[in-house]
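A.B. asks: Give me a 3D structure for the following:
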Amino acid sequence: MARGWRIIDASNFEGTLAGRRGRITLHESTISLSEFPAEDLAVVLIGPNTSVTSAALHYAAKHDVVILAVDWRGVPYSGVFNWSAHTRVGARHIAQASLSLPRKKNAWMQLVKAKIRGQAETLRPIDRDAAARLDSIARNVRTGDPNNAEGIAARIYWQRVFRETAEFSRDQFGLDNLNVMLNYGYTILRGFAIRAVLGAGLAPPLGLFHRGRSNYFNLVDDLIEPFRPAIDDFVVRLIDGTSLNSPGVKQGLARAASQPFLPDGTRIPGALDDLAQQLGRYIEGDVDRLRVACWAGPVAGHQEFSYA
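C.D. replies: Below is the predicted model of the structure:
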């Protein structure tokens with residue numbers, strides 16, 4: 001079933017997120033500022049000064065809209081999302097909890113290979129030699145990634161992709177412009193992936209590789225890995241000195257997180273849905289191998305396409 005993929009960023013909004021006649025609305029006092037059909041939405045970001053009515057929660061749940069409470073950097077710390085209506089949710093949770101280690105390791109290998117190949121595509125216009133090194137690393141990823149190919153590739157990637165920025169260091173809590181923009185884009189991806197994982201009847205805390213004891217979304221953090229280069233690619237193309245609050249940047253990051261990804265033109269939210277549903281079948285033993293799509297550049301779907 002097709003689902004909405006639009007994003008509302010109300011993280012700095014001081015007012016009320018409400019619902020009326022199947023629409024999500026933004027109000028200041030009694031004045032309606034904007035309204036959106038709930039069926040068109042995927043993720044809503046709210047800040048500490050945004051109130052949410054029960055009607056907004058109702059329409060969000062009905063249309064599988066994820067509401068994320070974010071801090072001033074755009075990093076989520078809480079969320080509201082629909083309970084899964086998947087017909088095999090119980091069976092999938094049981095199968096997920098008992099998934100064998102070899103199958104976990106094999107699935108993680110496919111995700112890592114796709115991520116590194118996507119990083120290579122983002123890096124290729126900047127440093128072809130470094131991109132070729134990433135291609136080689138991706139070809140040699142082994143099941144479970146015992147040699148930490150992901151980490152080795154990341155060191156090369158982050159050193160070269162922002163080579164014009166002195167001493168850049170990737171930090172999920174970093175306060176510099178680049179890290180803040182990357183984290184904002186990844187937050188939107190995470191919202192799409194939360195919806196995809198729940199829609200597939202999977203248990204978010206039970207990751208393939210991520211296993212943080214306090215992380216409710218370990219599996220979500222596994223599945224977004226191959227999609228991160230799509231955000232990186234947008235940020236790389238911004239002019240030096242751009243920040244998250246520069247005109248059009250938030251909207252651009254939202255578009256980057258929603259752009260076409262699969263060869264048939266399916267956008268990232270739909271691709272995440274497909275991957276989560278495929279993982280559900282893999283977990284239950286209906287398929288033997290997880291096939292993970294690779295980021296192929298900003299016009300993915302119109303270029304040569306491959307799987308890891």
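
A.B. asks: for residue 115, helix, strand, or coil?
C.D. replies: Recorded secondary structure, residue 115: helix (DSSP: H, G, I helix; E, B strand; the rest coil).

A.B. asks: Based on its surroundings, how many neighbours for it?
C.D. replies: By the criterion of other Cβ atoms under 10 Å, residue 115 has 28 neighbours. C-betas here are computed from N, CA, C, even on glycine.

A.B. asks: residue contacts, it?
C.D. replies: Listed by Cβ atoms under 8 Å, 6 or more residues apart in numbering, the contact set of residue 115 reads 150, 153, 225-226, 228-229.

A.B. asks: Of those residues, which belong to strands?
C.D. replies: Using DSSP state E, no member of the contacts of residue 115 falls within strands.

A.B. asks: So the nearest residue to residue 295 once chain neighbours are set aside versus residue 195, what's the distance?
C.D. replies: In this structure, residue 295 finds its nearest non-sequential neighbour in residue 118, 3.2 Å apart by Cβ to Cβ, 6 or more residues apart in numbering. Taking Cβ to Cβ, to the nearest Å as the measure, residue 118 falls 21 Å from residue 195.

A.B. asks: If you count surrounding residues, which of the two has more?
C.D. replies: Taking other Cβ under 10 Å, residue 118 and residue 195 do not tie; residue 118 has more neighbours (29 against 26).

A.B. asks: in whatever helix or strand the more buried one lives in, what counts as buried?
C.D. replies: Using DSSP states H and E, residue 118 maps to helix 101-123. Buried positions in helix 101-123, judged by neighbour count with 16 or more other Cβ atoms under 10 Å: 103-123.

A.B. asks: Check stretch 55-64 too.
C.D. replies: 55-57, 59-60, 63-64.

A.B. asks: Could you do stretch 191-208 as well?
C.D. replies: By 16+ other Cβ under 10 Å, the buried positions in stretch 191-208 come out as 191-208.

A.B. asks: mean confidence score for it?
C.D. replies: When pLDDT is averaged along stretch 191-208, the result is 92.

A.B. asks: Verify the assumption that residue 24 is located in a strand.
C.D. replies: Yes - read with three-state DSSP, residue 24 is one of the residues of a strand.

A.B. asks: count of neighbours near it?
C.D. replies: Residue 24: 29 neighbours (other Cβ under 10 Å).

A.B. asks: Let me know whether my guess that residue 178 is in a strand holds.
C.D. replies: No - counting by three-state DSSP, residue 178 is not found in a strand; it is helix.

A.B. asks: That one reaches residue 168, doesn't it?
C.D. replies: Yes - if you go by Cβ atoms under 8 Å, residue 178 and residue 168 touch, sitting 6.1 Å apart.

A.B. asks: if you count what's nearby, which of the two comes out ahead?
C.D. replies: residue 178 (24 against 16).

A.B. asks: need the contact list for that one.
C.D. replies: 162, 165, 168, 235.

A.B. asks: Low-confidence stretches in the stretch 201-308 of the chain?
C.D. replies: For the stretch 201-308 of the chain, applying pLDDT under 70 flags the ranges 299-308.
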